[in-house]
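>>> one predicted model, sequence on top.
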Amino acid sequence: MAYKISDDCISCGACAAECPVSAISEGDGKYVIDADTCIDCGSCESTCPVGAPQAE
Ligand code: SF4
Ligand code: SF4
């Protein structure tokens, strides 16, 4: 299991700065999470201003 960022993402970058394992990077139109790197800590979900990262 891993977190996934929905299309609600406004590419603010806040989650990428908070991810302890640097699993989040800027993608095409939104930020994306590398599922193999994510450790399900939930930090991105609590950091995001629009609630885009969600546990799958
Ligand atoms: Fe990074 Fe944690 Fe979000 Fe996974 S849940 S992408 S490890 S901040
Ligand atoms: Fe997108 Fe939310 Fe991450 Fe900002 S914090 S880049 S809006 S997922």
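Thanks, I have the structure now. Ligands and ions are numbered 1, 2, ... in the order given.
>>> now residue 51. Nearest residue, chain neighbours left out?
residue 8 (6.7 Å; Cβ to Cβ, 6 or more residues apart in numbering). Heads up, the C-betas are built off the backbone N, CA and C, glycines and all.
>>> contacts only, for the one you found.
By Cβ atoms under 8 Å, 6 or more residues apart in numbering, the contact list for residue 8 reads 50, 51, 52.
>>> quick check, the last one in contact with residue 9.
Yes: counting by Cβ atoms under 8 Å, residue 52 sits close enough to residue 9 to count as a contact (4.2 Å).
>>> overlap in contacts, the two.
Here residue 52 and residue 9 share the contacting residues 30, 31, scored by Cβ under 8 Å, 6+ apart.
>>> read off the pLDDT value for residue 46.
Residue 46 carries a pLDDT score of 97 in this model.
>>> which helix or strand contains it?
Assigned by DSSP states H and E, residue 46 belongs to helix 43-47.
>>> that helix vs ligand 1: in contact?
Yes: Helix 43-47 comes into contact with ligand 1 (Cβ under 6 Å from any ligand atom), by way of 43, 44.
>>> tell me which helix or strand comes right after that helix.
strand 53-55.
>>> and residue 52, what is it in contact with?
Contacts of residue 52 (Cβ under 8 Å, 6+ apart): 5, 6, 7, 8, 9, 10, 15, 30, 31.
>>> only the buried subset of those residues, as a ChimeraX command please.
Per 16 or more other Cβ atoms under 10 Å, the buried members of the contacts of residue 52 correspond to this ChimeraX selection:
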select :5,9,15,31
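>>> can you pull out the strands in the chain?
Ranges of strands in the chain, per DSSP state E, are 3-5, 24-26, 31-33, 53-55.
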